[in-house]
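1. Structure of the sequence below:
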Amino acid sequence: MDTIASLFSFITTPVSWVIVQFHKLYGALFGDDTGWAWGLSIVSLVVLIRICLIPLFVKQIKSTRNMQVLQPKMKAIQERYKNDKQRQSEEMMKLYKETGTNPLSSCLPILAQSPFFFALYHVLSAIASGKTIGVIDQPLLDSARQAHIFGAPLAAKFMDSEEKVSALGASLTDVRVVTAIMIVMMSASQFFTQRQLMTKNVDLTVKTPYMQQQKMLMYVFPLIFAVMGINFPVGVLVYWLTTNVWTMGQQMYVINQNPTPGSKAQDQYLGRLLKSVTAHGEVRGRTRRNTVKRIFAKGTDRNDIERKFITGLSKLGLAAQEDGTVAKSEAAVLEAEGGAAPKRQQPKRQTKAQRHTAATHPGSAKEEDSADTEPKTSLEKQDASQDDKPKPAGKPAASGSSRQAKSGQRKGPQRPKHPSKK
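-> From the prediction side, this is the model:
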């Protein structure tokens, strides 16, 4: 580690100068020789570096998202040209060029931080050895060696001997307890950051080797940091823990505000957006309007989560617009209120007797329908007029059953039944 750190000795002077400037500020508040002054100087160094790396972090997020989207196409290219590695590579590069994706962009923030990380390690190692470095002169060196964080010196390591720790004015037990706690926190923050990316910001409908690779890194990275952490000085552990917490918070913000399409985070984000539209009747905020604008532009290519959001707007009587706003929609209002065009009613099913009568006497069905529509009083008058008519002599009054043939019964003389069927 010391050999690698010496390679970045050219940047130790700028790093030490930044730490000294922050130390002047915090020294006036907490005291020059306190662990708070030196510890917060290292934390401020991390924050300053990460602010400068925000553009690279944005590129990393975009590259990671593009890689996730391109996984199905990349898998198809691999299967199509599995026997021609050269053609496979050419098609991969062509796909990256067409989509503007750089696979190395996901590593840019880590690569950009590496020089500062090793420079800080080089500075703290020099402090532990009692050597001046960069702009840290002898008075500042003595002040840094007296600074302790919860009883552990900034330059002490977990693997240091008891004699070396005693020379820094501390006990070996305090150093190992503090460094062990910080190593666990550093590894846990790294694991949670990677797990957050895998469980919330990945399209779960696409199963690709990239997801398996990220899942493996979720467990490998914390182990790597745990093993390397026992050789890091306390000041470097403060640096790395701070940058992990920053990355976790920064990633959480990006996931909540700009999630990957098709992911669980997008479902939660659009759910919050729908609640906001329900409460205010409009899309508030430029970021949210851009989200609605992208969903509108997709048209039929929307995923299930986006279609669910559009359906939710329809139930509110709203429709997404091209500019990312929402407006009242008459069709959506009718559909939401149940006032859409009335459904076509199916004709009433006729009985077997009615169908038989309609087949033998086509006009009788219309007469029955017209008779059903007449008022009840007219039926009573017709019955009364029929009763007043004189009945022909010599003929007995026909009963209702004889006047009207039973349904399904053949008219005319009936054939006598066979004696055996009586």
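
2. Tell me the first helix or strand C-terminal of the lengthiest helix in the chain.
-> Longest helix in the chain by number of residues (criterion: DSSP state H): helix 172-200. Downstream of helix 172-200, the first helix or strand assigned by DSSP states H and E is helix 209-229.

3. so how far is whatever helix or strand comes next after that next one off the chain centroid?
-> Sequence order places helix 234-257 as the next helix or strand after helix 209-229, per DSSP H and E. Relative to its chain's centre, helix 234-257 lies at 20 Å (Cα atoms, centre = their mean, to the nearest Å).

4. repeat for stretch 186-202
-> On Cα atoms, centre = their mean, the centre of stretch 186-202 falls 14 Å from the chain's centre.

5. Pull out the buried residues from that stretch.
-> For stretch 186-202, the buried set under the neighbour-count rule, 16 or more other Cβ atoms under 10 Å, comprises 186-187, 189-194, 196-197, 200-202. All C-beta spots, glycine's among them, are computed from the backbone N, C-alpha and C.

6. List the contacts of stretch 317-330.
-> By Cβ atoms under 8 Å, 6 or more residues apart in numbering, the surrounding residues in contact with stretch 317-330 are 277, 281-283, 288-293, 295-297, 310, 313-314, 332-333, 336-337.

7. Now the buried members of those.
-> 277, 283, 288-289, 291-293, 295-296, 310, 313-314, 332-333, 336.

8. before we move on, back to that, I'd like the buried residues of stretch 186-202 laid out as CSV, including pLDDT and distance to residue 136.
-> As requested, the buried residues of stretch 186-202 are exported to CSV (pLDDT from 0 to 100; distance: Cβ to Cβ, whole Å):
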residue, pLDDT, distance to residue 136
186, 90, 25
187, 90, 30
189, 90, 29
190, 86, 30
191, 88, 34
192, 88, 34
193, 84, 32
194, 81, 35
196, 81, 37
197, 75, 38
200, 77, 43
201, 71, 41
202, 69, 45
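
9. Turn those residues into a markdown table, including distance to residue 265.
-> Putting those into a markdown table (distance: Cβ to Cβ, whole Å) gives the following:
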| residue | distance to residue 265 |
| --- | --- |
| 186 | 25 |
| 187 | 24 |
| 189 | 19 |
| 190 | 20 |
| 191 | 18 |
| 192 | 15 |
| 193 | 14 |
| 194 | 15 |
| 196 | 9 |
| 197 | 10 |
| 200 | 4 |
| 201 | 5 |
| 202 | 9 |
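
10. can you pull out the helices in the stretch 51-200 of the chain?
-> 54-80, 85-99, 108-129, 138-146, 162-167, 172-200 (DSSP state H, counting those that start in this stretch).

11. Adding distance to residue 27, write those helices out as CSV.
-> Formatted as CSV, the helices of the stretch 51-200 of the chain follow (distance: least, Cβ to Cβ, whole Å):
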stretch, distance to residue 27
helix 54-80, 28
helix 85-99, 50
helix 108-129, 16
helix 138-146, 8
helix 162-167, 24
helix 172-200, 22
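
12. Can you tell me which of those helices is most buried?
-> Each of the helices of the stretch 51-200 of the chain was scored by mean neighbour count; the highest is helix 108-129, a mean of 20, by mean count of other Cβ atoms under 10 Å.

13. and it, what other elements does it pack with?
-> helix 2-7, helix 12-30, helix 35-52, helix 54-80, helix 138-146, helix 234-257 (3 or more Cβ pairs under 8 Å, 6 or more residues apart in numbering; DSSP states H and E).

14. same thing but 7 Å
-> helix 2-7, helix 12-30, helix 54-80, helix 138-146, helix 234-257 (3 or more Cβ pairs under 7 Å, 6 or more residues apart in numbering; DSSP states H and E).

15. Of all these, which one comes closest to residue 116?
-> helix 12-30 (6.1 Å; Cβ to Cβ).

16. Extract the CA atoms of the closest one and return them as CSV.
-> Extracted C-alpha coordinates of helix 12-30, given in CSV (Å, rounded to 0.1, in the frame of the first residue of the first chain):
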residue,chain,number,x,y,z
THR,A,12,0.1,15.1,-1.7
THR,A,13,0.9,18.8,-1.5
PRO,A,14,-2.6,19.9,-2.8
VAL,A,15,-4.3,17.4,-0.5
SER,A,16,-2.3,18.5,2.6
TRP,A,17,-2.9,22.2,1.8
VAL,A,18,-6.7,21.6,1.6
ILE,A,19,-6.6,19.7,5.0
VAL,A,20,-4.6,22.5,6.6
GLN,A,21,-7.0,25.2,5.4
PHE,A,22,-10.0,23.3,6.9
HIS,A,23,-8.0,22.7,10.1
LYS,A,24,-7.6,26.4,10.6
LEU,A,25,-11.4,26.8,10.4
TYR,A,26,-12.3,24.0,12.7
GLY,A,27,-9.3,24.6,15.0
ALA,A,28,-10.7,28.0,15.9
LEU,A,29,-13.9,26.2,17.0
PHE,A,30,-12.8,23.0,18.7
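
17. Please point out which parts of that helix sit buried.
-> Quick answer for helix 12-30 (16+ other Cβ under 10 Å): 12, 15, 16, 18, 19, 20, 22, 23, 26, 27.

18. if I pick the third one, what's in contact with it?
-> Neighbouring residues of residue 16 by Cβ atoms under 7 Å, 6 or more residues apart in numbering: 123, 133, 134, 135, 136.

19. Now the phi/psi pair for residue 132, please.
-> Phi and psi for residue 132, reported as degrees, to the nearest 10, are phi -70, psi 150.

20. burial of it, as a residue count?
-> Residues within reach of residue 132, counting by other Cβ atoms under 10 Å, total 14.

21. Excluding chain neighbours, what is closest to it?
-> residue 141 (5.5 Å; Cβ to Cβ, 6 or more residues apart in numbering).

22. ok so, going back, now the longest helix of the chain against helix 234-257, angle please.
-> Interaxial angle of helix 172-200 relative to helix 234-257 (axes from the mean of the first three to the mean of the last three Cα atoms, to 10 degrees): 20 degrees.

23. helices or strands up against helix 172-200?
-> strand 152-153, helix 162-167, helix 209-229, helix 234-257, helix 264-280.

24. got a list of contacts for stretch 224-241?
-> 1, 39, 42-43, 46, 117, 120-121, 124-125, 128, 149, 152-159, 178-179, 182-183, 185-187, 189-190.

25. what sits against the residue nearest to residue 20 when sequence neighbours are not counted?
-> Of all residues not flanking residue 20 in the chain, residue 135 sits nearest, at 5.5 Å (Cβ to Cβ, 6+ apart). By Cβ under 7 Å, 6+ apart, the residues touching residue 135 are 13, 16, 17, 20.
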